[in-house]
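below is the sequence, then the predicted model.
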Amino acid sequence: MKEIPLTQGKAAIVDDEDFDRLSLHKWHAIKGRGRLYTYYAIRNAKVNGRDTIIQMHREILGLSTGGPGIVDHKDGNGLHNSKNNIRLATYSTNNYNCKMKCSNTSGYRGVSWYERYGKWWAYINVNGKRIFCGYYSNKMDAVIARDKAAVRFYGKDAILNFP
């Protein structure tokens, strides 16, 4: 893997086979929107006579600007653009692969305190729906239940509390 220098003192990581082609352009680092606050590599170009922004990760996968398809960075680092770290994803998969919210109080994905019952409850979100995994007196039991559900619904792409 090689690094392509960006603005703001950042660098993008790419595979050796993509380096020569991508390094022909001047790339910029921009901060992403939403709660991830990660950086991405972009460049300016003219496409059909119009000024356009091209995202490095989309160019690597051969996706057109503004076209269909969402690219997910498996490790959450928008500047890590090696082919083993980027993949086509659905909105659901991409959202599932987000960092834990800052409002999380249990310290674990998919586990919250349910005051009404005085228990921990486990859940997982799949295709925009929250799936209930049970109530537990012990927080670790809830964490394990949630991880089992993650494996069942997401297989090898499951993000686990205890990998």
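In hand now; what should we look at?

tell me the buried residues in stretch 146-153?
Within stretch 146-153, the residues that count as buried by 16 or more other Cβ atoms under 10 Å are 146-147, 149-150. Quick note: C-beta positions are derived from backbone N, CA and C, even for glycine.

what does it rub up against?
108-111, 122-124, 126, 131, 133, 158-162 (Cβ atoms under 8 Å, 6 or more residues apart in numbering).

quick one: stretch 99-113 to chain centroid distance?
With Cα atoms, centre = their mean, to the nearest Å as the basis, stretch 99-113 stands 17 Å off its chain's centre.

can you pull the contacts of Tyr135?
Residues near Tyr135 by Cβ under 8 Å, 6+ apart: 114, 117, 119-121, 142.

now do the closest residue in space to it that isn't next to it in sequence: how many residues are near it, please.
Closest residue to Tyr135 apart from its sequence neighbours, by Cβ to Cβ, 6 or more residues apart in numbering: Lys119 at 4.3 Å. Other residues within reach of Lys119 by the criterion other Cβ atoms under 10 Å amount to 16.

which residues does Lys119 bridge with?
Counting by DSSP bridges, Lys119 is bridged to Tyr114.

how near is it to Gly110?
Per Cβ to Cβ, to the nearest Å, Lys119 is found 15 Å from Gly110.

now the two most distant members of the contacts of Tyr135.
Distance extremes for the contacts of Tyr135: the farthest pair is Tyr117 and Ala142 at 12.0 Å, using Cβ to Cβ.

I'm done for today, thanks for sticking with me.
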